[in-house]
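Participant: A structural model of the following input is requested.
(chains A, B, C and D)
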Number of protein chains: 4
Amino acid sequence: MTSGRNTKTPEDWWSTSIIDMQPGMIRYRGYAIEDLIGRVGFPEMIYLMTRGELPHPGAVKLLEAALVAAVDHGPQAPSIAAARMAITCGVGINNAMASAINMLGDVHGGAGEQCVRLFNAIAERLGNGHATEQRLAEAVRAEVRVQAEQGVRHVPGYGHRFHPRDPRAPRLLELVDAAAKSGVVSGRFAAIGRAIEAELAAAKGHPIPMNIDGATGVVYAELGFPPPLCRGLFALSRSVGILAHAFEEMQSGERNKGPIPRHLIWTYTGPPARELGDGK
Amino acid sequence: MTSGRNTKTPEDWWSTSIIDMQPGMIRYRGYAIEDLIGRVGFPEMIYLMTRGELPHPGAVKLLEAALVAAVDHGPQAPSIAAARMAITCGVGINNAMASAINMLGDVHGGAGEQCVRLFNAIAERLGNGHATEQRLAEAVRAEVRVQAEQGVRHVPGYGHRFHPRDPRAPRLLELVDAAAKSGVVSGRFAAIGRAIEAELAAAKGHPIPMNIDGATGVVYAELGFPPPLCRGLFALSRSVGILAHAFEEMQSGERNKGPIPRHLIWTYTGPPARELGDGK
Amino acid sequence: MTSGRNTKTPEDWWSTSIIDMQPGMIRYRGYAIEDLIGRVGFPEMIYLMTRGELPHPGAVKLLEAALVAAVDHGPQAPSIAAARMAITCGVGINNAMASAINMLGDVHGGAGEQCVRLFNAIAERLGNGHATEQRLAEAVRAEVRVQAEQGVRHVPGYGHRFHPRDPRAPRLLELVDAAAKSGVVSGRFAAIGRAIEAELAAAKGHPIPMNIDGATGVVYAELGFPPPLCRGLFALSRSVGILAHAFEEMQSGERNKGPIPRHLIWTYTGPPARELGDGK
Amino acid sequence: MTSGRNTKTPEDWWSTSIIDMQPGMIRYRGYAIEDLIGRVGFPEMIYLMTRGELPHPGAVKLLEAALVAAVDHGPQAPSIAAARMAITCGVGINNAMASAINMLGDVHGGAGEQCVRLFNAIAERLGNGHATEQRLAEAVRAEVRVQAEQGVRHVPGYGHRFHPRDPRAPRLLELVDAAAKSGVVSGRFAAIGRAIEAELAAAKGHPIPMNIDGATGVVYAELGFPPPLCRGLFALSRSVGILAHAFEEMQSGERNKGPIPRHLIWTYTGPPARELGDGK
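Facilitator: You can find the predicted model right below:
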């Protein structure tokens, strides 16, 4: 049977390079699961499953740091609030998690992915050789201009609604610098990330420091993660906070928890009371 | 203002012990995020966020092994198939993940949680002192009987539809035994898990080996995870496979991927063609 | 090929009695779609798709009334709040709807289903013949007692956290009474519903009026809808409010809308600031 | 207290014009719910809730027809397959519905919305006066060219992967024509829709008939529904099929139903069996 689209077998329709299975055997990307358990860590496993190969140990450290950094931002985040409300509605904890993860869209969880795209675009402008500060600055300005023309209003990865200085970013960059020093990563994207920060400060007249999305974006770009995977990695990370909050709320005894205390009623801004017309 | 249910402030309505935040400061369970990044691993972070304290290093190893063990079971799992179909429908990768995680219900992801409940119930029967093999067997039989009376048809955690012997279970138990030997865990739940396996074999006349749910259940029970959290931990683990499969399917170029190759049409078993009656 | 479970074809694996399709032909439960469009209403279609046959016109009116009655209960409902928050996170309107519908669980949307189960159980006790007020009262008491023994604390369908008298219930019962008078439905479940209301008032010493779940439960029981379908019908109804609220919030320009105004920070109740120990 | 963004009260934070509520009172867009129940139909209610006003009766008929037309397309649709698989995983019927509705993204459910945008863009080019066939054709060509430049490869609303002629479209257009004849709608968008169909046929050399998305797009554009609401209306409609299929699958007794019969194993295309390296 040919393997053309119109005549694929069901088995081919579900083909994958991720997992091989026979009764009694499970192999991920070729490695037997019983060999991986206890010898390979969870971040390593994340890398293996999504990228297809085991990572270098130094790369694991960076990936792990980025995953740790983004686990939670508190009940004011819609995803966290959703998880806490959902669990009081009589659904399973996985359903509460799902309702929350579902909210990590372009605005709530997509900035890391958008940063990596931006960093990659700038890296592509620079090409392979060493980039002077000046070339870096020019490439940054050119790419930011392109983005603005496409309607992107805020450069993703910089500034923060709540934190004047995001406490998570400097520490992550520190780890990237150390990894670049020992040759684990190139450091190219840390340089790009910093160059954007400098350009924004110059353009706006005040600092707009790199935030968690920019910093994890630097990490993921250094590690070569394709942008859509970066949104998924952010989701894996944030799922930890989502789970913790859902479980904590389970202990409250609340039922049908809404967004504000029960004695408060929303402001109504619609038409005044009216009657149906004739014929109704 | 009092903090009674009827008059809680919005801030109290959203109180949590997980995360503290001020502009420029984020602390998880009291620890500053910039101290955690690069010093605490991802499984440690999972433990800290859900349990409130950092785990002992030996406990981390066990938790990590359980998380690694359950990441994927292939496109025949409804959650994995759902993730692969969803990503072809023009939704974000987080939405594909959410649709899939949403399916990890009582039947598809709840067995680990149910195992922990079963193990805990048996442990409660045994009380604190040393349990002889005989007491263990009696407690197992008693609890399994109780479950059967409540309508539970299959003891969760044993046997497998596909694997005569689940390759993930022995390796996990090996790690639990090592941890018990060095005093990191008690080994009490490994003993319970094995006793159930023995009882089932005796009752059915053939082996019904512990599967991934039973083995991760042993790990989580040894580590003291409350049962609902176990479903969440399974979801975190399975999210890795879900993400990997969604990303792989993104590369296929498929649009609106259904469950079977496009040239196949489902069997129709309903009424024959008929006309609407009068008045329609 | 046999049609046993182990050797089903993919086409049989996806067999259904709901829809038949060939290129250029679509039939629902045997009826051609081009015949249904413009001749059959949306509630009729809901009935046909879920029950397999077109309903009697009087039954349509009742179903439609129940669907209209439950469309929304305002932004204090977790599902509505979730939809409004989700749409500000950069996800599609279907994703915002999904996150919300996902919350219509046992506590937030399951009461109608639970009412139908209760009403059916009481009807089963009564059997087929005419039920005197006394037999009705006895059957109600017996069934409520059974529920209490099974741990059900509140009889679903009566009383309301917010409304002393739910404005939706009397009107629905009025329509059921009219339908019973003209023989469209038996009126048996309206009688059961009222008998429970009487019993609760007697037991508690004050009225606990039937609420929306009890009233729609009466309608769905009179129409013979199986309980799980009732949860789905509630979801269809509530989806209307969910959609309306999501769309309204789209106009606000909010980004990452959380549960409370941005200047409010949740109350932190966890450990005080602390340092990592040695080795970290 | 001012009502600026930084100092909104919680009640203002959740303000809405859709629903007003006090204990014992519920009004939707100003109408008391007990007045609406039994007097206003479900499609009318959908219109009222989403648009803010009750529709003209002729408009209701069109809306209802479009909602009826799109309820289901069989288990080969990823949303339908997902609902059927989900319900076998031990989640609630609302969760199965949610996983499915979540898949109605740009590719699986977004074409109706995209059609309305396209029709609106063409209408805007034409302005208010009568449009001759020639002007219509020019406006169509111009707009399709703009879309192509923006990377849109297929004009949404025309052609179908499965149906040479989508049986749902002609009937819907028939109803629009009748409504235009009696002045309920302008007929302007039906003309635009047909003009696109003519242009595509001319450009490709063979018919590419309007499909369900184009036809419902014509209806929704005639009724003035904003494009994002159109995706929501499609979701409301498809939820009916989703619910019906989930409920039917509940009767099957399947557990963890995957996409293909259980005896089939997916084709593995990854690396051959391999060992972990040193240090593992």
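
Participant: the longest helix along chain A and chain B, are they touching?
Facilitator: In chain A, with assignment by DSSP state H, the single longest helix is helix A:227-250. Yes - with Cβ under 8 Å from any Cβ of the partner chain as the criterion, chain B is reached by helix A:227-250 at A:228-229, A:231-233, A:235-236, A:239-241, A:243-248, A:250. The way it works is simple: take the backbone N, C-alpha and C, and place the C-beta from them, glycine included.

Participant: run the angle between that helix and helix B:227-250 for me.
Facilitator: 160 degrees (axes from the mean of the first three to the mean of the last three Cα atoms, to 10 degrees).

Participant: for helix A:227-250, buried residues please.
Facilitator: Under the neighbour-count criterion of 16 or more other Cβ atoms under 10 Å in any protein chain shown, helix A:227-250 has A:227-250 buried.

Participant: if we can go back for a sec, restrict the residues of helix A:227-250 next to chain B to contacts with chain D.
Facilitator: Of the residues of helix A:227-250 next to chain B, not one also sits near chain D (Cβ under 8 Å from any Cβ).

Participant: what residues does the stretch 1-150 of chain A put near chain C?
Facilitator: A:10, A:74-79, A:81-82, A:85-86, A:88-91, A:95, A:98-100, A:102-110.

Participant: report the central residue of chain A.
Facilitator: residue A:234 (2.6 Å; Cα atoms, centre = their mean).

Participant: contacting residues for the residue of the stretch 51-200 of chain A found nearest chain D?
Facilitator: Chain D sits closest to residue A:95 of the stretch 51-200 of chain A, with a gap of 5.3 Å, by Cβ to the nearest Cβ. Contact analysis of residue A:95 by Cβ atoms under 8 Å, 6 or more residues apart in numbering or on different chains lists A:86, B:102, B:105, C:102, C:105, D:91, D:92, D:95.

Participant: tell me the secondary structure of it, please.
Facilitator: At residue A:95 the chain is in helix, as set by DSSP: H, G, I helix; E, B strand; the rest coil.

Participant: per-residue confidence for it?
Facilitator: What the model reports for residue A:95 is a pLDDT of 98.

Participant: over to residue A:279?
Facilitator: At residue A:279, pLDDT is 60.

Participant: again with residue A:6
Facilitator: Reported pLDDT for residue A:6: 67.

Participant: swap in residue A:2?
Facilitator: The model's pLDDT for residue A:2 equals 40.

Participant: which secondary structure element contains residue A:99?
Facilitator: Secondary structure assignment for residue A:99, by DSSP states H and E: helix A:93-101.

Participant: that helix to helix B:227-250, inter-axis angle?
Facilitator: Using the same axes, to 10 degrees, helix A:93-101 lies at 50 degrees relative to helix B:227-250.

Participant: elements contacting the helix or strand residue A:123 falls within?
Facilitator: Here residue A:123, judged by DSSP H and E, is contained in helix A:111-126. Judged by 3 or more Cβ pairs under 8 Å, 6 or more residues apart in numbering or on different chains; DSSP states H and E, helix A:111-126 is in contact with helix A:133-149, helix A:188-204, helix A:212-222, helix A:227-250.

Participant: so which of these gets nearest residue D:145?
Facilitator: helix A:133-149 (20.4 Å; Cβ to Cβ).

Participant: please state the offset of the closest one from the chain centre?
Facilitator: Relative to its chain's centre, helix A:133-149 lies at 24 Å (Cα atoms, centre = their mean, to the nearest Å).

Participant: confidence score at the residue nearest to residue A:53 when sequence neighbours are not counted?
Facilitator: Nearest residue to residue A:53, sequence neighbours excluded (Cβ to Cβ, 6 or more residues apart in numbering or on different chains): residue A:29, at 7.1 Å. In this prediction, residue A:29 carries a pLDDT score of 98.

Participant: can you name the residues that contact residue A:29?
Facilitator: So residue A:29 contacts A:17, A:18, A:19, A:48, A:49, A:52, A:53, D:270, D:271 (Cβ under 8 Å, 6+ apart).

Participant: now do 7 Å
Facilitator: Taking Cβ atoms under 7 Å, 6 or more residues apart in numbering or on different chains, we find residue A:29 in contact with A:18, A:48, A:52, D:270, D:271.

Participant: same question for residue A:11.
Facilitator: D:264, D:265, D:266, D:267.

Participant: can you report how many residues neighbour residue A:187?
Facilitator: 16 (other Cβ atoms under 10 Å in any protein chain shown).

Participant: how close does it sit to chain C?
Facilitator: 26 Å (Cβ to the nearest Cβ, to the nearest Å).

Participant: give me the pLDDT for the closest residue to that residue other than its chain neighbours.
Facilitator: Once flanking residues are discounted, residue A:187 sits nearest to residue A:180: 3.0 Å by Cβ to Cβ, 6+ apart. In this prediction, residue A:180 carries a pLDDT score of 97.

Participant: so what does the helix or strand residue A:180 falls within touch, helix or strand wise?
Facilitator: Per DSSP H and E, residue A:180 falls inside helix A:169-181. If contacts are counted by 3 or more Cβ pairs under 7 Å, 6 or more residues apart in numbering or on different chains; DSSP states H and E, helix A:169-181 sits against helix A:57-69, helix A:188-204, helix A:212-222.

Participant: which strand or helix spans residue A:262?
Facilitator: Going by DSSP H and E, residue A:262 is not in any helix or strand.

Participant: JSON lines for the contacts of residue A:11, including pLDDT and neighbour count?
Facilitator: Shown next, in JSON lines, are the contacts of residue A:11 (pLDDT from 0 to 100; neighbours: other Cβ atoms under 10 Å in any protein chain shown):
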{"residue": "D:264", "pLDDT": "95", "neighbour count": "20"}
{"residue": "D:265", "pLDDT": "95", "neighbour count": "17"}
{"residue": "D:266", "pLDDT": "97", "neighbour count": "24"}
{"residue": "D:267", "pLDDT": "97", "neighbour count": "18"}
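
Participant: specify which member of these is nearest to residue A:127.
Facilitator: For the contacts of residue A:11, the nearest to residue A:127 is residue D:267 (39.6 Å; Cβ to Cβ).

Participant: quick one, phi psi at the closest residue to that closest one other than its chain neighbours?
Facilitator: The shortest distance from residue D:267 to any non-neighbouring residue, by Cβ to Cβ, 6+ apart, is to residue A:15 (3.9 Å). Backbone geometry at residue A:15, expressed as degrees, to the nearest 10, gives phi -60, psi 150.
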